[in-house]
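Engineer: give the three-dimensional model of this entry:
(2 chains)
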Amino acid sequence: AQRVTQPEKLLSVFKGAPVELKCNYSYSGSPELFWYVQYSRQRLQLLLRHISRESIKGFTADLNKGETSFHLKKPFAQEEDSAMYYCALSSNQAGTALIFGKGTTLSVSS
Amino acid sequence: DAGVIQSPRHEVTEMGQEVTLRCKPISGHNSLFWYRQTMMRGLELLIYFNNNVPIDDSGMPEDRFSAKMPNASFSTLKIQPSEPRDSAVYFCASSPRAGAGNEQFFGPGTRLTVL
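Structural biologist: Prediction:
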């Protein structure tokens, strides 16, 4: 069965501390993995996708097929990073929908 | 482009009433998705359409829920009759084409409260 697991509902860190939001997936084929973010009073929006291999707002995520993980990392958290983060999975075939994890709320305090 | 448009933004209704949520996808996008967000269950896919055709409605919780997409620029999600457990934020999203690594663009959501 296709599934995305985000084990932490809430992650609280201090400004400047490293952040790692965990995401594990279950998928039999070749998945596409994404991180979406929802800032307070804003729309859910794409943060990054694994195929782009890019860093957005200081965040990176590496797809580890052996561990079936796609953890989101940032070396130094900022207060403006406080938001809800969703890990999502999609088939690489056209016509399929995203499967989201339950989300992790990141709270960065000074 | 205003992005995905949803109406109403907030809806408060009484149990047993019919509720209709509306969505206008981004022009040119061929796929449209309806999600429900709750604290307990996170973001759940209810149904999605490709080229106005429903592809997967397995996430629709019960027969009380129905969705239509009469044309490429409009979709509705209807709950009849509504129940308090339907209270949630309902999101609509659109994509140039479902899957294949394409980004989904989300609307602002409709916050539904059923009393």
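
Engineer: how about residue B:20, what does it touch?
Structural biologist: B:76, B:77, B:78 (C-beta atoms under 8 Å, 6 or more residues apart in numbering or on different chains). No exception for glycine: its C-beta is placed from N, CA and C like everyone else's.

Engineer: who wins for neighbours among these?
Structural biologist: Using other C-beta atoms under 10 Å in any protein chain shown as the neighbour criterion, residue B:77 leads the contacts of residue B:20 with 23 neighbours.

Engineer: wait, that one sits on residue B:46?
Structural biologist: Yes: using C-beta atoms under 8 Å, residue B:77 is in contact with residue B:46, at 7.1 Å.

Engineer: and the nearest residue to residue B:70 once chain neighbours are set aside, how far is that from residue B:91?
Structural biologist: The shortest distance from residue B:70 to any non-neighbouring residue, by C-beta to C-beta, 6 or more residues apart in numbering or on different chains, is to residue B:52 (7.5 Å). Residue B:52 is 19 Å from residue B:91, where distance means C-beta to C-beta, to the nearest Å.

Engineer: picking that back up, need the residues touching each of residue B:77 and residue B:46.
Structural biologist: B:34, B:65, B:67.

Engineer: hmm, back to that, out of residue B:52 and residue B:91, which sits in the busier spot?
Structural biologist: Just comparing residue B:52 and residue B:91: by other C-beta under 10 Å the higher neighbour count belongs to residue B:91, 26 against 16.
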